[in-house]
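Peer 1: Curious how this folds, go ahead:
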Amino acid sequence: MIIDMVVKIVTWTLFIYLAYCGLLFLIQRQMLFPRYLVEMPSKDEDIPFVEKIWIETGAGKIEAWFLPPDPVNEPAPAVLFAHGNGELIDFWPHELKKINRFGIGVFLVEYPGYGRSEGTPSQKNITEAFNRAYDVLIEREDVDPARIILFGRSVGGGAVCTLAAQRPSAALILMSAFISVRSFAKRYLAPAFLIRDPFDNLSVVRDYKGPILVIHGKFDEVIPYSHGMTLYNASRNATMITYKSGHNDCPPNWNVFWQLPLKKRCPKHRR
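Peer 2: Down below sits the predicted model:
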C-alpha cells in the first residue's frame, strides 16, 4: 500500500515536472525576446542625423540606422550596436550619437520581429541579420572595415559575440552581458539542453584575440555580476568597468561615462 502510494507520488511528480519543462521549452523565446511588451514610439520619428537602411534576410526585411561620424574623417571606424531584449533601436540614437563626436560612426541593427522589422527573433535569425548588417556596413565608402567595434548590451552581447565568431572586428564591448543563456536554466530548475538559443558568449570571449571591454553593474538583478567577472577573466585581453548599479541603470550616468578618458574609466587591464 505504501509502496503504491510512493510510486504514484513519484509518477505524478515526474509528470508535472516534465509538463513544466515542456511549457518552458515552448515559451522560452517569449521570455528571452519579450518583443510584444516593448512599447513602440507613438510616431515614426524623423531623426535628421539618422540614415535608415533596410536589409534583406531569409526571415524578412530588417531595419538598421546609421549615424555618421562628426567630424567626418573618411573612411572612419564604426560601432555596430545590439540593444537589450526590452528595447528598440528607436531608444538609442540620441544617446549613441555622442560616439559620433569621436569621429566614429554608429550602426544600430534591429532584431527580427522587433519594431518594424519582419520575422521572428531567434539566435539563428539574429545571427543572419547581424551578419548581413555587418556586410552592408563594411561595404560603405565612409567606413573603415578594419576598424569595426561590436557593442552589445544585455542580450545584445549574445548577438555581437555570435557575430564576432563569424566576422572580423577590432574590439568587442559587452555591457551587462551573460556568459550564456544555458547558464540560466538552473534558475528555472530545467535541464540546459532544452535551451533553443544558447548564445554561448563565454566560448567566444575565450577565443577572441582582440581587446574586450566588459561593463557590468555590481548589483545587477537580471544578469548577475559574476557573469561579467567570468567574461573578464576568460578573455586574453580584457578591461573591466564595474559600476555600483543594477541592470537597467548601467552606467548610472551616461554623460559621465562618455566624458571620462579611457584610462580613468578602465582601471584594470588584463595581460
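Peer 1: all helices of the stretch 1-150 of the chain, in order?
Peer 2: 2-32, 93-96, 123-138 (DSSP state H, counting those that start in this stretch).
Peer 1: Of those helices, which stretch is the most buried?
Peer 2: helix 123-138 (a mean of 21; mean count of other C-beta atoms under 10 Å). Placement of C-beta: from N, CA and C, glycine included.
Peer 1: quick revisit: now the helices of the stretch 1-150 of the chain as a markdown table including mean pLDDT and distance to T57?
Peer 2: Shown next, in a markdown table, are these (pLDDT from 0 to 100; distance: least, C-beta to C-beta, whole Å):
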| stretch | mean pLDDT | distance to T57 |
| --- | --- | --- |
| helix 2-32 | 87 | 17 |
| helix 93-96 | 94 | 22 |
| helix 123-138 | 98 | 5 |
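Peer 1: wait, which of these is closest to Q259?
Peer 2: Q259 lies closest to helix 93-96 among the helices of the stretch 1-150 of the chain, at 13.5 Å (C-beta to C-beta).
Peer 1: and the helices of the stretch 1-150 of the chain as JSON lines, adding distance to M240?
Peer 2: Below are the helices of the stretch 1-150 of the chain laid out as JSON lines (distance: least, C-beta to C-beta, whole Å):
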{"stretch": "helix 2-32", "distance to M240": "25"}
{"stretch": "helix 93-96", "distance to M240": "21"}
{"stretch": "helix 123-138", "distance to M240": "24"}
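Peer 1: And those helices: which comes nearest G84?
Peer 2: Here helix 2-32 is closest among the helices of the stretch 1-150 of the chain (C-beta to C-beta), at 11.2 Å.
Peer 1: For the closest one, which helices and strands make contact with it?
Peer 2: Helices and strands touching helix 2-32, as assessed by 3 or more C-beta pairs under 8 Å, 6 or more residues apart in numbering; DSSP states H and E, are absent.
Peer 1: hang on, the earlier thing: closest to Y243 out of the helices of the stretch 1-150 of the chain?
Peer 2: Across those, closest to Y243 is helix 93-96 (C-beta to C-beta), at 16.0 Å.
Peer 1: What helices and strands are in contact with that closest one?
Peer 2: Using 3+ C-beta pairs under 8 Å, 6+ apart: helix 93-96 touches strand 60-67, strand 105-109.
Peer 1: Kindly compare burial across those strands and name the winner.
Peer 2: Buried most deeply of these, by mean count of other C-beta under 10 Å, is strand 105-109, with a mean of 26.
Peer 1: Which neighbours in the sheet does it have, and how are they oriented?
Peer 2: strand 60-67 (antiparallel), strand 76-82 (parallel) (DSSP bridges).
Peer 1: Which one, of these, ends up nearest to A133?
Peer 2: strand 60-67 (5.4 Å).
Peer 1: can you give me the strands in the stretch 51-200 of the chain?
Peer 2: For the stretch 51-200 of the chain, strands defined by DSSP state E, counting those that start in this stretch occupy the ranges 51-57, 60-67, 76-82, 105-109, 143-153, 171-175.
Peer 1: tell me what the longest one is packed against?
Peer 2: The elements that strand 143-153 packs onto, with contact taken as 3+ C-beta pairs under 8 Å, 6+ apart, are strand 76-82, helix 123-138, helix 155-164, strand 171-175.
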